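*Asks:* Fold the following and give me the result.
(2 chains)
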Amino acid sequence: MKFVCLNCETYMSFEKVEKPAEGSLGVFFGCPSCGAKFSMVTNPGETQMVSSLGVQLGGRTAAAEPFEMTRGTLKEEAQAGAGQMAAYLNEKIQAGQSAGPATAAHSAPTAQKKEGEKSGGGCPFSAMVAQMGLTTSGSEAPGGATFKSEMTWSADAKERLERLPAFVKPMVQSSIEAYARKQGYSTITLQVMDDSKNESNGVVWSPEAEKRLENIPDFIRPMARREIERMAKERGATTITAQVMDEAKEKFMKFM
Amino acid sequence: MADKDLKGILSKLQYSDDAKVVQQITEQTRKVQERMAGIRHKLVVMSGKGGVGKSMTTVNLALALARMGHRVGLLDVDLNGPCVPRMLGMHGQTLTITPEGAVPPVGPLGVKVGSMDFFLHAASPVRWKGPMDLSPVWLGVMEMNVIREFLADVIWGELDYLLADLPPGAAADKPPVMAGFIPDLAGAIVVTTPSEVASDVVQKSVTYARDMGIRVLGMVENMSRYRCPSCGAEHELFEGDTEAMCEALDVPLLGRIPFDRTLARTFDKGVPLLDEAYPTLRRYREIAERVHALLDYKKVLAEKL
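*Replies:* Below is the predicted model of the structure:
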């Protein structure tokens, strides 16, 4: 934070910090040109903010000790009741600052409850569950009421998607549709589904390269696939061939 | 005076950090980098979902890596619910403050541990001085800097692995924040249970972590089954499908750990079971070996491609 002396059109210099009261800082600035003095006084919240950064305004005179901030800020014993900030805010409210938002906040839950009662018919979640097309047991409602798409899905593609566990379906659907959009397809077929799985980042794998990838332990394979595709893209290749695999092997040999 | 053009004035002025705030924050970052430089692999264990057994997984992976001969540190980032020291029988120990930094207590198999628990009295929650009670913003900044102090001020020394056990939720300890703190973060290990509810939350946190540029090394399915303490037979606990989720996310499934009451009890009592022949501990060992291989994947590719 900086202050500008508008008379002299210059930054005021930081001079010192004092503690005028508990939970408050007085930060002093002076204009190097006209000598005008200025003091900014912080409230408890602002003081805490500075303290939370683990810095000392004006710089340190000694090096920070290990866990200086943690140890200096941790209360040793429990203290019930609201803290300084609550007292500060209370004081402001008592002094006549607006209490409007608090009143509004009190009235909101009532209105919300009434609305919930009207649409929910008892269970507050029933409307939401119905909207999602789920039965109360969490499974999808018959007829696939949840299935929404801007694209056309062939019956067999849709059936394959339906076979996936419900919690991964939205992610898989959106990934396939994103691929289809990118390729300019308007209908999702089984072929499009397969292609979207085999083609990532615009790179296609030849059957031979795929076979060689199977030599890699399964838990490393996804990472290997990404790394080889990254390398291929760097070299301007769009298909992973046996030759690209040889180049990748040669590259990784350097890490042996 | 009111007509002064502030933009014009500022364009002619040279900014100086005379309150030395920027300088100190830069120094804090430098200290973290310096301390972390001695650690070969820095990993976070995360979930996004509470109660899936992140701490149990982190602690057992740390012990498994130590058993494999690695030098291991374990940072319990759950500031408000630290449990790692209790699980390792280290509750009541403290960090030793020296001018060079804080010396961490050493747990079973030589694992160095950093935890907020070392600052707390028995059964005391974390309470901060000042007006923290009404401001999640200040609390977030505060917690972020406490984590920074754990990284910068603990004398971790030379380590092969530092595992950070992240809590679910709160802003300051989210993986992206941690990733910002930890230079050269090697990646994240994600813990889930086969429950569909857990999977739903966990897949979001994987996507989030990736958006932030964090490498997700793989998934550990915890509580995959229930191991009977009497006969050792295993039974299903949930009916989810972690494998399908891993496939959809393109994340390797590093392993499955059954809910093991016998093992859980030993950690609850602070007397962890360390017998490497014990079946559940063998599974942790397999996962640790996979993590190690994943971090050294270029070598594997050179050999097997």
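
*Asks:* For A:A237, give its distance to A:C8.
*Replies:* A:A237 is 63 Å from A:C8, where distance means CB to CB, to the nearest Å. C-beta coordinates here come from the backbone N, C-alpha and C atoms, glycine included.

*Asks:* Name all residues that make contact with B:G38.
*Replies:* Neighbouring residues of B:G38 by CB atoms under 8 Å, 6 or more residues apart in numbering or on different chains: B:156-159.

*Asks:* now that we have these, which one has the most neighbours?
*Replies:* Using other CB atoms under 10 Å in any protein chain shown as the neighbour criterion, B:W156 leads the contacts of B:G38 with 22 neighbours.

*Asks:* how close does B:P258 get to chain A?
*Replies:* To chain A, B:P258 is 19 Å away according to CB to the nearest CB, to the nearest Å.

*Asks:* you'd agree that residue is up against B:P229?
*Replies:* No. Applying CB atoms under 8 Å, one finds B:P258 not in contact with B:P229, separated by 11.2 Å.

*Asks:* Who has more neighbours out of these two?
*Replies:* B:P258 (20 against 12).

*Asks:* Now the more buried one: phi and psi?
*Replies:* When read as degrees, to the nearest 10, the backbone of B:P258 gives phi -80, psi 160.

*Asks:* What of B:T192?
*Replies:* Torsion angles, degrees, to the nearest 10, at B:T192: phi -140, psi 170.

*Asks:* Let me know how buried it is, in neighbour terms.
*Replies:* 30.

*Asks:* so what's it up against?
*Replies:* B:47, B:49, B:52, B:198-199, B:202, B:219-222, B:242, B:245.

*Asks:* Now, those residues that are in strands?
*Replies:* B:219-222 (DSSP state E).

*Asks:* Highest neighbour count among those residues?
*Replies:* Going by other CB under 10 Å, B:V220 tops the ones in strands among the contacts of B:T192 with 31 neighbours.

*Asks:* dump the residue contacts of that one.
*Replies:* B:57, B:189-192, B:254-257, B:287.

*Asks:* Also A:P165?
*Replies:* B:196, B:199, B:240-241, B:244-245.

*Asks:* cutoff 10 Å now
*Replies:* A:172, B:196, B:199, B:239-245, B:248 (CB atoms under 10 Å, 6 or more residues apart in numbering or on different chains).

*Asks:* Secondary structure element holding it?
*Replies:* With secondary structure defined by DSSP states H and E, A:P165 is part of neither a helix nor a strand.

*Asks:* Likewise for B:T266?
*Replies:* Assigned by DSSP H and E, B:T266 falls in helix B:261-268.

*Asks:* any idea how far B:V77 is from B:A66?
*Replies:* 19 Å.

*Asks:* So these two - more neighbours on which side?
*Replies:* Counted by other CB under 10 Å, B:V77 and B:A66 do not tie: B:V77 has more neighbours, with 29 against 23.

*Asks:* Contacts only, for that one.
*Replies:* B:44-46, B:54, B:58, B:84, B:114-116, B:143, B:146-147, B:150-151, B:164-167, B:170, B:172-173, B:177-178, B:181.

*Asks:* Low-confidence stretches in chain A?
*Replies:* A:76-147, A:198-201, A:256 (pLDDT under 70).

*Asks:* typo on my end, chain B
*Replies:* For chain B, the ranges with pLDDT under 70 are B:1-3, B:130-134, B:169-177, B:179.
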